[in-house]
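my questions are about this predicted structure, shown below with the sequence.
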Amino acid sequence: MNKKQVELIEKAKTYAKSILENDYSGHDFQHVLRVYKMALKLSRNKDVNLFIVSLAALLHDLDDYKISDKDSSNVKDFLLNNNIQEAEEIKNIINNMSYSTYVKGNNVSNLEGYIVQDADRLDAIGAIGIARCFAYSGYKNRSLYNNDKDDESSIAHFYQKLLRLQDLINTEAAEKIAVERTTFMKNYLEQFYKEWDIE
Ligand code: NI
């Protein structure tokens, strides 16, 4: 990477922090930093454009419907204001990497996209994924559990999404981590039900 790209990555970090600093939905700046670091880790020994991976990871949640209003254009603004040549590739990853996009039948289509998507999905599972799931439910005034695996509670979300993510991982390096984290969530659920059912 050249000096200008390194500077732009730092700038993207500061920008993401300024927008997500006061987020309590689980999509806060620390989530973005973890996704960024994980994406770099998954990029090791791979022939990928690290500048694209870095910016896509750092900017990926800035216009997420869960946290910003529908018409926000934070990603576009940043790419435009900084005259970033790779803007189209970066936007393409960000617009197609989410689980809701996947459910609608669209997906990322290059290695940079697969890596950033894996990094984001890994942060949705395991110990941190559990913490983020409950944080998001609290943010949305949803309950922990209602003896139901198909409602809007936190525990139901494990079955609707979190336990399924392991099968949607793209890269081998991420798959190993996903398997470990999914096992942890299954054990967690077992313990949860044990404590729930008081006899
Ligand atoms: Ni995310």
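Cool, the structure landed. Numbering: from 1, shown residues only.

name the helix or strand of the protein that has the lowest mean pLDDT.
helix 99-103 (a mean of 91; mean pLDDT, DSSP states H and E).

near the ion, anything from that helix?
No. Using CB under 5 Å from the ion, we find that helix 99-103 stays clear of the ion, coming within 9.8 Å at best. C-beta here means a position set from N, CA and C on the backbone, and glycine is covered the same way.

now for the longest helix along the chain, which elements pack on it?
Scanning the chain for the longest helix, with DSSP state H as the assignment, gives helix 172-196. Judged by 3 or more CB pairs under 8 Å, 6 or more residues apart in numbering; DSSP states H and E, helix 172-196 is in contact with helix 29-43, helix 111-122, helix 126-139, helix 154-160.

contact partners for the most centrally placed residue in the chain?
The residue lying closest to the centre of the chain (CA atoms, centre = their mean) is D120, at 2.8 Å. By CB atoms under 8 Å, 6 or more residues apart in numbering, the contact list for D120 reads V35, A57, H60, M97, S98.

got the confidence number for it?
For D120, the model assigns a pLDDT of 98.

I67 now?
In this model, I67 carries a pLDDT of 66.

same thing with E199?
84.

can you check K41 too?
The predicted local confidence for K41 is 98.

contacting residues around it?
A119, A173.

measure it to L50 for me?
12 Å (CB to CB, to the nearest Å).

kindly report the same for N141.
Distance, N141 to L50, by CB to CB: 40 Å.
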